[in-house]
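Visitor: Sequence plus predicted model, see below.
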Amino acid sequence: NTAATQLAEQAQDSINNERLQKAIAALAQFGGRDDGGVARETLTPIDLASRRHLIELARSLGCEVEIDECANLFFRRPGSTDLPPVLTGSHGDTQPVGGKLDGAYGVIAGLEVIAALNDAGITTRRAIEVVAWTNEEGSRFGPGAMGSSAYVEPERLTAYRAVLDKDQISFGAALDACLAEASDVSRRAPLRPLDSCVELHIEQGPVLERAGAGLGVVDGIQSVRWFRVVCNGMAAHAGTTPMDKRSDAMAAAVGIAQQLYAHAAQEAASNVRLTLGRWQVGPNSVNTIPGTVEFTIDMRCVDASVLDRFEQLLHRATADFPWRGNITVECFFSRAPTHFPQAMLTLIERACTRASAQAGRPAPLHLTSGAFHDAMYLADYCPTAMIFVPSKGGISHNAAEETAPEDLLLGAQALAYTLVELASR
Ligand code: HGY
Ligand code: MN
Ligand code: MN
Ligand code: MN
């Protein structure tokens, strides 16, 4: 039972549940909806207001605050040395209609660990940093996880800055407005070294709840690919145009979509997941044959070769579709499967086991994440791992997203133990 472990246990036992739950509720006010959900898309005025709230909260905890060129916010609790810090945190942005925990929980729990260390008067060798990543969701600006991916490879930012949202606002312009608002925050140079990274997040799926486990040790993240498909036909009159004279973009898009769903059903054994989440129809009029239909494809699988086969089907189906129009397919997000290192999993397992045992809960469960996370990019940069807490009904990316308060507490306790062990080495 080394000195580091004793400090870790003391930190775990210093987490203050009431302060944690209140801080989660306070952040959820930014973009809070009547149905209990949260609408706080990245770099919107509401997101900027929430960032200001986090900066003030972090400063009240004695943290130094920095912001980098991708507007990632870092809240640092200094250590006794200048050794590379231990990073935790998650993303501050939400889906257009999201919950109050996706991303936000990891940021708030990280700040709760810092408050607990202040209460306990614990000093760690390494600084502990809590990050609020920019644009993890990728719903306003695609791809997802722009902030964390630009952190580990800064040259990605140039292309990201050119991405437009549906109102033709560029990510770069939104970034510059955010940096201007945070002009009182010191700028963080790119590629600062990190000792390690631990991201705490809700599972967003049904696995932990089904197993009755309170905590999940995440061994990896499945692969993901996003595509934009644009069917270009010809707008024409709904009443006068014979069916065999049409270049109906919706008929093409629906035909392609049916082939994709059929293929996903054939590949069901691989647990592949297909989502056609965003559709835009032009001119979108009840009595005009659609001239253009654009839709997105989100495909995921733990086995990337399944996605390779799926992508081949997509290119064949769109190239061979029998009609007069044309179809373009563009992949705008692609990540291979992530595997977290065994040494980190062993530590996370120990932290989760102690917290679960103290709460009289079953042992933690090992699982692979169905959702992607900023940790998938940090894993390219330093030893990284994740801790999950259960999601009620496995629901997320929905206003009904919820986790039992006692599980939110468990996660913060396991995080405290893990961070202090790492920061004391
Ligand atoms: O889509 C995802 O997996 C992430 O939760 N944004
Ligand atoms: Mn998330
Ligand atoms: Mn999400
Ligand atoms: Mn994430």
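Guide: Arrived safely. Numbers count the residues shown, from 1 in each chain. Ligands and ions are numbered 1, 2, ... in the order given.
Visitor: all contacts plus neighbour counts: C-alpha atoms, from now on.
Guide: Will do.
Visitor: all helices for the stretch 101-250 of the chain, in order.
Guide: 104-120, 146-152, 157-161, 171-181, 207-211, 249-266 (DSSP state H, counting those that start in this stretch).
Visitor: Rebuild those as JSON lines, extending it with mean neighbour count and distance to residue 222.
Guide: As requested, those are exported to JSON lines (neighbours: other CA atoms under 10 Å; distance: least, CA to CA, whole Å):
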{"stretch": "helix 104-120", "mean neighbour count": "25", "distance to residue 222": "20"}
{"stretch": "helix 146-152", "mean neighbour count": "24", "distance to residue 222": "17"}
{"stretch": "helix 157-161", "mean neighbour count": "15", "distance to residue 222": "23"}
{"stretch": "helix 171-181", "mean neighbour count": "18", "distance to residue 222": "27"}
{"stretch": "helix 207-211", "mean neighbour count": "17", "distance to residue 222": "15"}
{"stretch": "helix 249-266", "mean neighbour count": "17", "distance to residue 222": "16"}
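Visitor: Tell me which of the ones you listed sits nearest to ligand 1.
Guide: Nearest to ligand 1, of all those, is helix 146-152, at 10.9 Å by CA to the nearest ligand atom.
Visitor: quick revisit: possible to save the helices of the stretch 101-250 of the chain as CSV with mean pLDDT and distance to residue 21?
Guide: As requested, the helices of the stretch 101-250 of the chain are exported to CSV (pLDDT from 0 to 100; distance: least, CA to CA, whole Å):
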stretch, mean pLDDT, distance to residue 21
helix 104-120, 98, 9
helix 146-152, 98, 26
helix 157-161, 98, 35
helix 171-181, 98, 28
helix 207-211, 97, 20
helix 249-266, 98, 40
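Visitor: And these: which comes nearest residue 196?
Guide: Relative to residue 196, the nearest member of the helices of the stretch 101-250 of the chain by CA to CA is helix 146-152, separated by 13.0 Å.
Visitor: quick revisit: now render the helices of the stretch 101-250 of the chain as a markdown table, adding distance to ligand 2.
Guide: Supplementary listing: these in a markdown table, determined by distance: least, CA to the ion, whole Å:
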| stretch | distance to ligand 2 |
| --- | --- |
| helix 104-120 | 8 |
| helix 146-152 | 12 |
| helix 157-161 | 19 |
| helix 171-181 | 19 |
| helix 207-211 | 16 |
| helix 249-266 | 24 |
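Visitor: This protein against ligand 2: which residues are in contact?
Guide: In this structure, the chain approaches ligand 2 at residues 102, 103, judged by CA under 5 Å from the ion.
Visitor: Adding distance to ligand 1, write the helices of the stretch 101-250 of the chain out as a markdown table.
Guide: A markdown table is the format used below for the helices of the stretch 101-250 of the chain (distance: least, CA to the nearest ligand atom, whole Å):
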| stretch | distance to ligand 1 |
| --- | --- |
| helix 104-120 | 12 |
| helix 146-152 | 11 |
| helix 157-161 | 17 |
| helix 171-181 | 17 |
| helix 207-211 | 15 |
| helix 249-266 | 18 |
